[in-house]
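[1] Test case, fold it:
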Amino acid sequence: MKPIRIWYQSYVDYENGKIYWDRLRNHLDSVVDPGTTVDIKGITPYDSYAHPIVEFRCAREVICNAVRAEREGYDAFVIGHFQDAGLYEARSVVDIPVLALGETSMLHACQLGQRSGIITINTRYIPWFHHQITKYALERRVTGVHAMTFEPGQILKAYESEALAEEVLELFAEQARPLVAAGCDVLVPGGGIPMLLFSAIQGHVVDHAPVINGIPIVVKMAELAVKLKRLTGLGVSRVSDFVKPPPEIIEEFMAHPKGL
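    Numbering: from 1, shown residues only. Just a heads-up that it's a prediction; the model follows:
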């Protein structure tokens, strides 16, 4: 079988998330098929504050990196960030499969239950998640979004402290229980950082509702997307959302300075 190379785009850089990166690398190595390699890439400055303007800044780098990934011979590009900033734009500029943690997690949750609930790390992400849910036309399937009160940089500290990790787990459960009581039968941590933090919990449930870890899901779906593309030659539609711009427009975007 031909090897598969996946570019895994984190929104944290190694300098500010070393323990997370090291644990993520081990986790990815443990779930991929033989012959698949996953290279984790970061963003500097990293996504340290929960706000749409930070997502917008990171999205531009993600789009450029998707182009770089294709040019460097990667077979798939994974956005390992639940907010999926830059997803549709990245799909519109490359022909390799582009998958994202948020979209893939929500779609997979639909196979595990009828109604899902998301627990994010900060209330400022709630409007963003509702925009995502609407964009993916999942309003009737993803029916609730609750939040804890962490900044991305703060929750990374839970990787250095078992006591803080236990606190995050309990805070997650406190926000999850009302969602289950309201009818959500699948729970989705709203971010790669909490997902990986909880990944060691086998059969993780809150009030009998399964808590999914989207990291292995998105990577396995990326492997599947590459295999299906090789088998069938099909890719994303170029009719509407993912219309591909002319090469010179992509080059203009890649060359334009990020700021003044």
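[2] how is the protein carved up into domains?
    Domain assignment for the chain, taken from automatic domain parsing, gives 4-101+216-255, 103-213.
[3] what's the span of the longest one, first residue to last?
    Domain 4-101+216-255 has an end-to-end distance of 29 Å (Cα to Cα, to the nearest Å).
[4] gap between it and the chain center?
    Centroid separation between domain 4-101+216-255 and its chain, computed with Cα atoms, centre = their mean, to the nearest Å, is 9 Å.
[5] coming back round to it: save the domains of the chain as JSON lines, and put in mean pLDDT and mean neighbour count too.
    All C-beta spots, glycine's among them, are computed from the backbone N, C-alpha and C. Listed next are the domains of the chain as JSON lines, based on pLDDT from 0 to 100; neighbours: other Cβ atoms under 10 Å:
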{"stretch": "domain 4-101+216-255", "mean pLDDT": "96", "mean neighbour count": "18"}
{"stretch": "domain 103-213", "mean pLDDT": "94", "mean neighbour count": "18"}
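[6] how close does the most centrally placed residue in the chain get to E162?
    When Cα atoms, centre = their mean is applied to the chain, the residue found nearest the centroid is L101 (2.4 Å). Relative to E162, L101 is positioned 25 Å away (Cβ to Cβ, to the nearest Å).
[7] Compute the distance between the residue nearest to the centre of the chain and I193, please.
    Counting by Cβ to Cβ - L101 and I193 are separated by 11 Å.
[8] Who are the packing partners of the helix or strand where A165 lies?
    Using DSSP states H and E, A165 sits in helix 162-181. Judged by 3 or more Cβ pairs under 8 Å, 6 or more residues apart in numbering; DSSP states H and E, helix 162-181 is in contact with strand 116-120, strand 142-147, strand 186-190, helix 192-197, strand 205-206, strand 209-210.
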